[in-house]
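Enquirer: I would like to see how this sequence folds:
(chains A and B)
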Amino acid sequence: MKKAVFTVIMLLAMVVFAFGAGFNIYEFGARSSAMGGATVARAWDASTIFFNPAGLAFLDGGQFYGGVTLIVPSAKFVGAAPIFDSRVHSAKDQVFPPPGIYLSYKLGSRFAAGVGFTTPFSLGLEWKDDFPGRGVSRDVDLKSFYIHAVGAYELLPNLSIGGGLDFVKSTVNLKRNVFLFNSPGSPGYEVGTAELDGTSDWKVGFSAALQYRADRFGFGVMYRHRINNEFNNGDATFQIFDNLSVPNVAAVASSILKNQKVSTAITYPNYVTLGVYLGLTEKLGLESDVNVFNWSVFDRVRLDFEDDKLDAVLNENYHDSFTARLGVHYNLTDQFTLLGGYIYDTTPQPIESVSPLLPDDTRHDFSVGFSYSAGLLKVDAGYMFVSIGDRSTVENGIGRSDVGFNGTYNSHAHLFFSSVGISF
Amino acid sequence: MKKILLFAILAVGLFLYSCDVSDPNRPKLGVEFNQLVLSKYVALGNSLTSGFQSGGLAEDFQLHSFPYYIAQQINYPDFQQPLIASPGLGSTPGKTPLMFDPATGLIFSEDLPVSDPRLLLKNALLPRPYDNLGIPGADLNTMLRGTSANDTGNPFYDVVLRNPNFGNTTQVQQAILLNPTLITLWIGNNDVLGAALSGGDLNQITPVDKFQEDLGAILTELTSKTKAFIVMANIPYVTDIPFVNALDVIYHTSPALGIQVPVPVVFGADFQPVDFDPNQQGLFIPLLTEEQAPVHVLLPALSAYKESGLGVPDSAALVGMGLPPATASALVQGMIAAGLTPSGIPIPANLTLTNDELTAIREAVDNFNSVIATLTGGKIPVFDANAMLGVLNTSGLDGYTGKFVLMDPANTAFSLDGVHPNNGGYAIIANAFINIINAALDLNVPTLDTDQFKGQYLSAGKIEGLTWQAVNQVKHLFVKEKTAR
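Expert: Numbering: from 1, shown residues only, chains lettered A, B, ... in the order given. Below you'll find the model as predicted:
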């Protein structure tokens, strides 16, 4: 057994990666993730601080739960004929390790408090240097850091309410190549690269939740409020290529593309989660959840440079979306539980804003995992395959891309997650 | 049991991992490959590309440039030209283009109201080079090397290229910055035109090896630094334009004087040679010319002829032709009565072309066109503009003629300067380029209905003549100062 666990960990270390529609990440606890994230109706560990803070009221004593999900995405692009050749372009191999770390404590018989750390709205995608869409995006890295401070109170036997504050700060880094003198029909002349780098101020949001817990039945609902993170005084850094084919233009490019401050803002949506847990037998239970995301708050991203001539607007125009989750557990022994899950994750992204920055589509996710407990110690681990499939910006021969970069993307992701729980 | 399950989970995971998702399917846009050539059009050239008419550049003319016509026909949405606000820029600094004054019936030009020509540029702040980069006066050398009025002596370079804003780049380099898919290139006319407009200064002709070197360099730049489909036009005989041949109508023999070969003779208001002794065998009085037996008298001689009698023999000259003094004296009186001014001043050499000069100029054009044919080598389609001008002058094209506006105001394809086409002439040229593009790429870009541009000068009233100053200004951009070469 120990050898087997060791093998799993080694495997996790060697391989990598995963994520949800739009740029939402929901995998912040290995047991929850292995059950397709369907854990709003029943708390299994302190990760309920993220999934449903009301569930804290049903956890005894002190709880630590922490782990990491390794997300290994793959994205490919082939450009629309006849503009592009048939070459398939792959994104660079990357591994994203969003952590989920929690600590909770039951104070008295009815009240519990906890803190947690997650990164639920994050995004990373880096294309290779010769990617034809490098003028749109070559590399994006967005991370939101959420510190959750929550409390829960058992109103009635089996019924608790909970909620708390989210303290949110983000970092963003965008890289793209700069084409000057563009016009309809032409990208213009490639002169160098641009990098925008920003760190937001802290913003405070909140969550509110409710959970009902009986032996074989559970119900949960949770609301998390939106966050508008503002990146003021970010740094825009430009590098002009050496050896441009037209002499003297480097000087012009340098005079236009001066390093300067840039500001922007990104809104993370509010969402509500509803779920029901059913214990079918002593050993077998399942849960079904739905998240509804208010993604329509993510309509556009304004890039506000010191030099107004460089200002830009990225049209996103997301619409609201939902995610359906199904999780199952089977308690093989008192110590060992098998876990499985399925997620139907609808994309909030309209076809017009599908771009190298974020080529999204509706996803089907399949997860497996296990939970092993020994006394006060618990180890959970699992794997999820995220199937995103083909998404094309070409419909009936018409290119729909808002930035005029048309083709088909194909993405998928592997997620490996493991968490450790300690009760005290 | 536990181990088995654990490994089962691992196996599923590895299976999913190993079945790497297939490559994305390549979508197809509803557009043919060859149509992509039409997605970004840039025009390179000289005054003919810029839309120059009537000795100047102005918005009204530019909206009838052949590149603008082509952009309209291929539905290119944002074809930007250096539009010049009214009254436009004439080829002589500080002057307007040629205009027609209905009160006097004369073609004339005026002083410009601004000192810096750039002040008339309507879209000076366009943050990219213009799509029509044609520069009046450009030749191969300045297309390849010229960046400003300062280094070319031609103020239109500042107007079109707007340096130093674009890094002191040349016309060719600005085209490269635009990353075009389609280029029309019509250049080289001004490497020989000056010789014709100057009345045969053969020093105005670029040596053919220099022509070959510079055109080769231009084509190498464009083909190596853009992926554009390039279409060229060759060089029409610069002697087959009204500025040179409009006065061919005043040629006549004079049997009474024993002149059997047509020579320029005294003519009336209707350009008809005057027979001063219709009852005899025909007495047509030859005009005085510095050069012997000129084959063409250039257009500026017309206004000087009317205003001051340039070339009209006086009594002494008539006696010199063998006429008795009494006859000469009577003829002078008759000419004065007819409104002529017998000045006795011969038409200077710079207003006539001799046969030697004509031959040398036509040979230069032939040599340049051979170079164009060689360097394009079948890879770059070439519109035979030379042949087209020949057809225009002999049988006409689409009902247009190559005659000067004074002789054929209803049908002429030339503008008031006698060098550049008018709205209809440019439409004929645009159609020729479109036909070449369609043939080379198997496309169906529609051609223009040239009829709609007919009669450009009919509403203005009867055009009867032109001022010396006006028609002479036409030469300014195209005849180079000797010191500049």
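
Enquirer: Which residue, other than its chain neighbours, is closest to the residue of the stretch 1-150 of chain B found nearest chain A?
Expert: In the stretch 1-150 of chain B, no residue comes nearer to chain A than residue B:30, which is 2.8 Å away by Cβ to the nearest Cβ. Just so you know, the C-beta spots here come from the backbone N, C-alpha and C atoms, and that holds for glycine as well. Nearest non-adjacent residue to residue B:30, counting by Cβ to Cβ, 6 or more residues apart in numbering or on different chains: residue A:397, 2.8 Å away.

Enquirer: What residues of stretch A:390-408 count as buried?
Expert: Under the neighbour-count criterion of 16 or more other Cβ atoms under 10 Å in any protein chain shown, stretch A:390-408 has A:390-394, A:399-403, A:405-408 buried.

Enquirer: what comes into contact with that stretch?
Expert: Contact with stretch A:390-408 is made by A:77-80, A:83-84, A:132-133, A:135-136, A:315, A:347, A:351-356, A:359-361, A:409-411, B:24-31, as judged by Cβ atoms under 8 Å, 6 or more residues apart in numbering or on different chains.

Enquirer: mind listing the helices in the stretch 101-250 of chain B by residue range?
Expert: B:140-145, B:149-152, B:156-161, B:171-177, B:193-197, B:208-225, B:242-245 (DSSP state H, counting those that start in this stretch).

Enquirer: And the second one, what's buried?
Expert: Neighbour counts using 16+ other Cβ under 10 Å place B:149, B:152 of helix B:149-152 among the buried residues.

Enquirer: for it, packing partners?
Expert: With contacts taken as 3 or more Cβ pairs under 8 Å, 6 or more residues apart in numbering or on different chains; DSSP states H and E, helix B:149-152 sits against helix B:156-161.

Enquirer: from the middle of its chain, how far away would the helix it packs on be?
Expert: 17 Å (Cα atoms, centre = their mean, to the nearest Å).

Enquirer: and if you look at stretch B:417-435?
Expert: The chain centroid and the centroid of stretch B:417-435 are separated by 9 Å under Cα atoms, centre = their mean.

Enquirer: And for stretch A:408-424?
Expert: Centroid separation between stretch A:408-424 and its chain, computed with Cα atoms, centre = their mean, is 11 Å.

Enquirer: hang on, the earlier thing: torsion angles phi and psi at the residue of the stretch 1-150 of chain B closest to chain A?
Expert: Dihedral pair for residue B:30: phi -80, psi 50, per degrees, to the nearest 10.

Enquirer: which neighbours does the helix or strand hosting residue A:115 have in its sheet, and in what orientation?
Expert: Using DSSP states H and E, residue A:115 maps to strand A:111-118. Strand A:111-118 has these partner strands in its sheet, going by DSSP bridges: strand A:99-107 (antiparallel), strand A:139-156 (antiparallel).

Enquirer: how near is residue B:315 to residue B:273?
Expert: As for residue B:315, its distance to residue B:273 is 20 Å (criterion: Cβ to Cβ, to the nearest Å).

Enquirer: in chain A, what residue is nearest chain B?
Expert: Taking Cβ to the nearest Cβ, chain B has its nearest neighbour within chain A at residue A:397, 2.8 Å off.

Enquirer: any idea of the pLDDT on that residue?
Expert: What the model reports for residue A:397 is a pLDDT of 94.

Enquirer: just to revisit the earlier point, tell me which of the helices of the stretch 101-250 of chain B is the most buried.
Expert: Among the helices of the stretch 101-250 of chain B, the stretch with the highest mean neighbour count (mean count of other Cβ atoms under 10 Å in any protein chain shown) is helix B:193-197, at a mean of 28.

Enquirer: and the stretch 251-400 of chain A, which of its residues are near chain B?
Expert: Counting by Cβ under 8 Å from any Cβ of the partner chain, the residues of the stretch 251-400 of chain A close to chain B are A:251-252, A:309, A:332-333, A:336, A:338, A:366, A:368-370, A:382-383, A:385, A:387, A:389-390, A:392-394, A:396-399.

Enquirer: Please narrow those to those residing in strands.
Expert: Counting by DSSP state E, those place A:336, A:338, A:366, A:368-370, A:382-383, A:385, A:387, A:389-390, A:392, A:394, A:398-399 in strands.

Enquirer: Looking at the residues you listed, which two lie furthest apart in space?
Expert: Among these, the pair separated by the greatest distance (Cβ to Cβ) is A:336 and A:398, at 54.3 Å.

Enquirer: wait, doesn't residue A:365 sit right on residue A:35?
Expert: No: at 11.5 Å, residue A:365 does not count as touching residue A:35 under the criterion of Cβ atoms under 8 Å.

Enquirer: residues shared between the contacts of the two?
Expert: Counting by Cβ under 8 Å, 6+ apart, the residues touching both residue A:365 and residue A:35 are residue A:341.

Enquirer: Over the helix or strand residue A:194 falls within, what's the mean pLDDT, rounded is fine.
Expert: Element membership for residue A:194 (DSSP H and E) is strand A:189-199. For strand A:189-199, mean pLDDT rounds to 96.
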